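**Student:** Task: produce atomic coordinates for the following.
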Amino acid sequence: MTKPIKTKLIIVITGALLYILLNFLPFSRWIENEYGYLALRFTVLLLMSIALILLKKKNHIELEIPHHQISYLWLIPLAVPCFSNFLYVLFMDISPLGTINAGMLTLDLFTDFFLSIVEDLLFVDILNSLFLDLFNGKIRKAKLLSMMLCATIFTVIHSYNFLYDTPSVAAFELMFIFLVTLECSYLAIYFDKEWIPIAFHFLFNAIDFITFEAIFDVTMSLKYFGFSILIASFDLFYILALIKISSLQKYRAEPISFN
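**Tutor:** Residues are numbered from 1 along each chain as shown. Take a look at the predicted model:
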């Protein structure tokens, strides 16, 4: 095992343990004030974000790949899952709540921003880089396998959701966690710009969960799960199609030259 691979492995394992402790330990029970609990998460995630950025730069951890980028227009349909809950209440004609806690919503969004940075740098950027180094061209369709492994690992880590939610709700959450991680991995590998998967991840969490839950109170019914599975199925097939499209030379955008 080479030194760069060992370094990435140590960063992933250490970061994953800290991430699991942050989410698994019952801080919300020890800190009854919701603002205090969110402030703690915000502080820890901010420090973890800074540490991961510095470690990436210090160890030169990048997804160094040939130019595979296609037109950004292909990415527009990937935004559909970000609005799946809002589309559901639109079709079902569900009324919003009467009041919104603006302070809590703002703090939640700021916390989620740094959560998205930590999750994408650790479980998308660095972890995909680790897998691609391990495969090193020895495995056919290494990029797809790497994306699937990252999505699976991140989903398994979130299996603690079953401790806090009903099995049906937890399974629904894990389904979207897998898909969002798969999308972010695709964006990280084929677009080679860190801010793109981070921005997508943040928008998904901010729009489809945090903001939505602040505005609507929706019962998890059979119709809701059916609608969500329909959106998820579209998302999965579109990601797989994009992976294929990105590998075809005729669809690739020309690199921008500044000469």
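
**Student:** Under the pLDDT cut-off, which ranges of this protein? List them.
**Tutor:** Within the chain, the ranges that satisfy pLDDT under 70 run 64-68, 249-259.

**Student:** can you do 50?
**Tutor:** Counting by pLDDT under 50, the ranges of the chain that qualify are 256-259.

**Student:** got the residue ranges for the helices in it?
**Tutor:** All helices of the chain, identified by DSSP state H, fall at 3-24, 27-30, 34-58, 84-92, 102-120, 127-135, 142-157, 161-164, 167-191, 195-205, 212-215, 222-246.

**Student:** Out of these, the one nearest Leu73 is which?
**Tutor:** The closest of the helices of the chain to Leu73 is helix 222-246. By Cβ to Cβ, the value is 11.6 Å. All C-beta spots, glycine's among them, are computed from the backbone N, C-alpha and C.

**Student:** Identify each buried residue in the closest one, please.
**Tutor:** Buried residues in helix 222-246, counted by 16 or more other Cβ atoms under 10 Å: Tyr224, Phe227, Ser228, Ile231, Ala232, Asp235, Tyr238, Ile239, Leu242, Ile243, Ile245, Ser246.

**Student:** shouldn't the first one be in contact with Tyr88?
**Tutor:** Translated: Tyr224. Yes: here Tyr224 lies in contact with Tyr88, judged by Cβ atoms under 8 Å, at a distance of 6.3 Å.

**Student:** Give me the common contacts of the two.
**Tutor:** Residues within reach of Tyr224 and of Tyr88 at once, by Cβ atoms under 8 Å, 6 or more residues apart in numbering, are Val218.

**Student:** Nearest to Leu122 among the buried residues of helix 222-246?
**Tutor:** Ile239 (20.6 Å).

**Student:** Report the contact partners of the closest one.
**Tutor:** Applying Cβ under 8 Å, 6+ apart, the residues near Ile239 are Leu78, Leu179, Leu182, Glu183, Tyr186.

**Student:** again with Tyr164
**Tutor:** When the contact criterion is Cβ under 8 Å, 6+ apart, the partners of Tyr164 are Ala170.

**Student:** Could you check how far it is from Phe24?
**Tutor:** From Tyr164 across to Phe24, the span is 10 Å (Cβ to Cβ, to the nearest Å).

**Student:** For Phe209, give its distance to Ser168.
**Tutor:** 17 Å.

**Student:** More neighbours: these two, which one.
**Tutor:** It is Phe209, of Phe209 and Ser168, that has more neighbours when counted by other Cβ atoms under 10 Å, with 16 against 12.

**Student:** how many other residues sit next to the nearest residue to the more buried one once chain neighbours are set aside?
**Tutor:** Of all residues beyond its chain neighbours, the one nearest Phe209 is Asn85 (7.6 Å), with distances taken as Cβ to Cβ, 6 or more residues apart in numbering. By other Cβ under 10 Å, 22 other residues sit near Asn85.

**Student:** cool, and Lys193?
**Tutor:** For Lys193, the count of nearby residues is 13 (other Cβ under 10 Å).

**Student:** The one 3 residues further on too?
**Tutor:** Under the neighbour criterion other Cβ under 10 Å, Ile196 is assigned a count of 18.

**Student:** can I assume it is in contact with Leu187?
**Tutor:** Yes: counting by Cβ under 8 Å, Ile196 sits close enough to Leu187 to count as a contact (4.8 Å).

**Student:** Please name the nearest non-neighbouring residue to Ile100.
**Tutor:** Closest residue to Ile100 apart from its sequence neighbours, by Cβ to Cβ, 6+ apart: Ala214 at 5.3 Å.
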